[in-house]
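In: would you be able to build a 3D model of this:
(chains A, B, C and D)
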Number of protein chains: 2
Amino acid sequence: MKKNVTTLLRDKGFKVTPQRIAIYNALLSTKEHPKAETIYNKLLPLYPTMSLATVYKTLETLSNLNLIQVLNLGEDSFRYDADMSTHHHIRCLKCDKVEDLHGIDAQTFINEVTDKTNYTLQRQQFYFFGVCPNCQKSH
Amino acid sequence: MKKNVTTLLRDKGFKVTPQRIAIYNALLSTKEHPKAETIYNKLLPLYPTMSLATVYKTLETLSNLNLIQVLNLGEDSFRYDADMSTHHHIRCLKCDKVEDLHGIDAQTFINEVTDKTNYTLQRQQFYFFGVCPNCQKSH
DNA sequence: TCATGATATTATAATAATTATTAATTAGTA
DNA sequence: TACTAATTAATAATTATTATAATATCATGA
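Out: Model prediction:
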């Protein structure tokens, strides 16, 4: 059974605050892999007193709780994703949008790495770069 | 036949300077995937007048020439690698060192992505995270 | 070989993302 | 409802990276 943020925060001894809920929900409700600043701007109308530092701190907390993942696709800032199901990411080199790649199986690949290293593997991150259909047309 | 940096720079209309050669060689001669600052510090004794901005600019130039690749492993700064052969990277979550993963075939995985997206794929980057043998012992 | 001009480097300032600090606020418990 | 520790907000500080402008240097052709 899946626990919600509220329960998870509380179970770990973290306080449940409107800011935390709002930031997590903002991430849950988008597929855009926003940056901290983007989340901040999106929430600002509803939470006019919220500080950007709170966004950063909350994102760190949520990441530590494995509720969200942090992405770095070679940009100047990090992106965040509340989708914790197994999936990978692709960034368009023209418009810089980041999309999910679902339903692609990397298990064989991962197993090969597990077999060939003496590391205890904890996680992995696969990034693809190319030009999206939209940008292909618009050239 | 493989061209060296000097020829490649000259062919593309870039000037061949001691700084560029030094930075490229520094990268060629290490497996440590250093950051810009690390390269700078390493070269400082031999090139005392060199500026950190030159390191950054040179790394950008070399990257544009496809002579080096830029890595982002979720850290606060980028790492650089002059090994352009097909390989992947693994970072130890304890000591933060980054090692190469050679001889692991991702082609099937990549083909799957090519088939399932409408992107024109240009490149990809696979990062693994775990604990290295050394850090496992030392716990 | 040397002068020329374009490019590169240096030094420094500027920018931008992120983190640290601290006082005020608030969630959760007694 | 009152208390206390955790959290937030406001702001300053830090750090990686980029931009600017003056000087220096590479590479071409006379």
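In: can you map out the helices along chain A?
Out: Using DSSP state H, the helices of chain A run over A:5-11, A:18-28, A:36-43, A:52-64, A:107-116, A:133-137.
In: switch those over to JSON lines; also include mean neighbour count and distance to DNA strand D.
Out: From N, CA and C alone the C-beta is placed, and that goes for glycine too. Shown next, in JSON lines, are the helices of chain A (neighbours: other C-beta atoms under 10 Å in any protein chain shown; distance: least, C-beta to the nearest atom of the strand, whole Å):
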{"stretch": "helix A:5-11", "mean neighbour count": "15", "distance to DNA strand D": "7"}
{"stretch": "helix A:18-28", "mean neighbour count": "18", "distance to DNA strand D": "4"}
{"stretch": "helix A:36-43", "mean neighbour count": "17", "distance to DNA strand D": "10"}
{"stretch": "helix A:52-64", "mean neighbour count": "16", "distance to DNA strand D": "4"}
{"stretch": "helix A:107-116", "mean neighbour count": "14", "distance to DNA strand D": "26"}
{"stretch": "helix A:133-137", "mean neighbour count": "12", "distance to DNA strand D": "22"}
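In: mind putting these into TSV with mean pLDDT and distance to B:D83?
Out: As requested, these are exported to TSV (pLDDT from 0 to 100; distance: least, C-beta to C-beta, whole Å):
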stretch	mean pLDDT	distance to B:D83
helix A:5-11	93	41
helix A:18-28	97	36
helix A:36-43	97	33
helix A:52-64	97	30
helix A:107-116	94	17
helix A:133-137	93	30
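In: please convert those helices to a markdown table, extending it with distance to B:V131.
Out: Converted to a markdown table, those look like this (distance: least, C-beta to C-beta, whole Å):
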| stretch | distance to B:V131 |
| --- | --- |
| helix A:5-11 | 25 |
| helix A:18-28 | 28 |
| helix A:36-43 | 28 |
| helix A:52-64 | 17 |
| helix A:107-116 | 13 |
| helix A:133-137 | 40 |
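In: so which of these gets nearest A:I90?
Out: helix A:133-137 (11.5 Å; C-beta to C-beta).
In: now the terminal residues of stretch A:7-15, how far apart.
Out: Taking C-alpha to C-alpha, to the nearest Å, stretch A:7-15 runs 10 Å from one end to the other.
In: ok, now which ones touch the nearest residue to A:D83 once chain neighbours are set aside?
Out: Spatial nearest neighbour of A:D83, chain neighbours left out: A:D100 (6.7 Å); criterion: C-beta to C-beta, 6 or more residues apart in numbering or on different chains. Neighbouring residues of A:D100 by C-beta atoms under 8 Å, 6 or more residues apart in numbering or on different chains: A:K31, A:D83, A:H87, A:H88, A:H89.
In: so the closest residue to A:V98 other than its chain neighbours versus A:D100, what's the distance?
Out: In space, and not counting its chain neighbours, A:V98 is closest to A:H33: 4.3 Å by C-beta to C-beta, 6+ apart. Going from A:H33 to A:D100 by C-beta to C-beta, to the nearest Å gives 8 Å.
In: so what are the structural domains in chain A, by residue number?
Out: Chain A breaks down into these domains under automatic domain parsing: A:1-84, A:86-139.
In: can the longest one be found next to DNA strand C?
Out: Meaning domain A:1-84. Yes - on the criterion C-beta under 7 Å from any atom of the strand, domain A:1-84 is in touch with DNA strand C at A:9-10, A:15-18, A:35-37, A:52-53, A:56, A:60, A:76-78.
In: report the contact partners of A:L9.
Out: A:L9 touches A:K15, A:V16, A:R20, A:L65, counting by C-beta under 8 Å, 6+ apart.
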